[in-house]
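S.K.: let's see this in three dimensions:
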Amino acid sequence: MSEHELVSQFGSLPFAEPRVVASGNFASPLRLLELFDTAVESYRLFVLNAQPPLPDREGVLYETPFVGPGMRGHERLDYLPMRLSLVPRLFAVARPPDVVLLHTSMPRDGKVSLGIEVNVLPAAVEQARARGGLVIAQCNPSMPYTYGDAELDLEMVDLALEAGQELRGPARRPVGDVTSAIAEGVASLVGDGSTLQVGIGEVPDAVVALLKNRRSLRVWTEAMSDGILALERAGALEPDEPLTASFLFGSDELHEWVDGNERVRLRRTETVNDPGLIASHPAMCSLNAAVQVDLWAQANASYVHGAVYSGFGGQPDFVVGALHSTGGQAIISLPSWHEKSGTSTIVGLLDVPATSFQHSVIATEQGCARIFGRSQRAQARLIIEEAAHPDARAALWEVAGRVGRG
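M.R.: Here you go, the predicted structure:
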């Protein structure tokens, strides 16, 4: 359709305040969002890990279970505390979408591909169509064609607009000494034949960069980054195994590599984040970051200064799945000290909701506290002695006295 025709369709929607689900991360369909915003006075916009720019005015209410920089700290944000694996159920029973705005490849053999972002979009499409909603695609010649649940029959799309858009990716930052030290400790825990889940952040990226000498690694992860491509080129990945992810979080080089690459399979969230399926993979290594960890091994990866920063994401799904995997590990990494505030990231007890708990290892630049199977007293002692910053240990021992120093 032309842009004029599309705006007319948007303006005639039968919903008073439609719920709009759009591709997230670095796949948001910017032109579709602009056109929708000009035609609809008031609506709810649901995007995972939204990156700017987004429509931002009175009448636009943001909602998401995983807050990105495009929504973070916004007064009109309606945060939904929820594991990502449960978002498809959310669409089905509580917050059904009326409109889905997709960012896709150009059509090919009666299909389009969701490209670099699958996540919760298949579930959103199904629920919107079930309730008579609209599914609209921004078909972009620059969007790579990926497989798995990324492929969508054209009959599932009601309207389409051809509009080019440059695909962005995360900024690359130099790896500092603290990050390097954490990464070295975590990488030493990952053996040949492990299955990798890699979270978003500097430490997980740095860990993957140190695994190039491993062999027969497998990949079952939410986010696929440039580090996975580097492992492929180094011969570290099991050659006959598909590489499974839910979205891509990387550079143009990564996008070019996955385009038409049938080995890479992008799957829907309720598949990738299913703890039972995660547990079925041998030696599952869940590599995630946190903002704080307490002596009860609870991790906060969601809140900063008492306000939501991101959300649960897939961390609790993968922590549970990894712990039930044969030879699996749930590893949480973080620096032991927050330089800007001059405070310890290892605390006695979290004062915000926990993102995940009961991990295998807590890793900082101080070392790796292997806590799985240890008593509460021993767990607290190991976290203090092996992971906490030396300047924080005296205060932490005082808190640990409540459970003993065993």
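S.K.: gap between residue 18 and residue 56?
M.R.: As judged by CB to CB, to the nearest Å, residue 18 and residue 56 stand 18 Å apart. Glycine gets a C-beta too; all of them are placed from N, C-alpha and C.
S.K.: so residue 21 is in which element?
M.R.: Here residue 21, judged by DSSP states H and E, is contained in strand 19-22.
S.K.: kindly report the same for residue 5.
M.R.: Residue 5 belongs to helix 3-11 when assigned by DSSP H and E.
S.K.: contacts for that helix?
M.R.: Contacts to helix 3-11, defined as CB atoms under 8 Å, 6 or more residues apart in numbering, come from residues 1, 31, 32, 35, 36, 38, 39, 40, 134, 136, 159, 161.
S.K.: quick check: which ranges of this structure have low pLDDT?
M.R.: For the chain, residues meeting the criterion pLDDT under 70 lie at 403-406.
S.K.: which residue ranges of it form helices?
M.R.: Using DSSP state H, the helices of the chain run over 3-11, 30-39, 87-93, 121-130, 177-187, 202-209, 226-233, 252-258, 269-272, 275-279, 315-323, 376-382, 393-400.
S.K.: where along the stretch 301-406 of the chain do the strands fall?
M.R.: Remark: strands assigned in the stretch 301-406 of the chain by DSSP state E, counting those that start in this stretch are 303-304, 307-308, 329-333, 337-338, 343-344, 346-347, 356-357, 361-364, 367-370.
S.K.: right, so of those strands, which gets closest to residue 318?
M.R.: Closest approach to residue 318 among the strands of the stretch 301-406 of the chain is made by strand 329-333 (7.3 Å; CB to CB).
S.K.: what about the nearest residue to residue 40 once chain neighbours are set aside, distance to residue 140?
M.R.: Nearest residue to residue 40, sequence neighbours excluded (CB to CB, 6 or more residues apart in numbering): residue 10, at 5.7 Å. Residue 10 sits 19 Å away from residue 140, taking CB to CB as the criterion.
S.K.: what of residue 107?
M.R.: 12 Å.
S.K.: with neighbour numbers in mind, choose between the two.
M.R.: The neighbour count for residue 107 versus residue 140, taken as other CB atoms under 10 Å, is higher for residue 140 (24 against 16).
S.K.: how about the contacts made by the residue nearest to residue 87 when sequence neighbours are not counted?
M.R.: Nearest residue to residue 87, sequence neighbours excluded (CB to CB, 6+ apart): residue 120, at 4.7 Å. The neighbours of residue 120, taking CB under 8 Å, 6+ apart as the test, are 21, 48, 84, 87, 88, 91, 268, 269.
S.K.: list just the nearest of those residues to residue 226.
M.R.: The shortest approach to residue 226 among those belongs to residue 48, at 20.3 Å (CB to CB).
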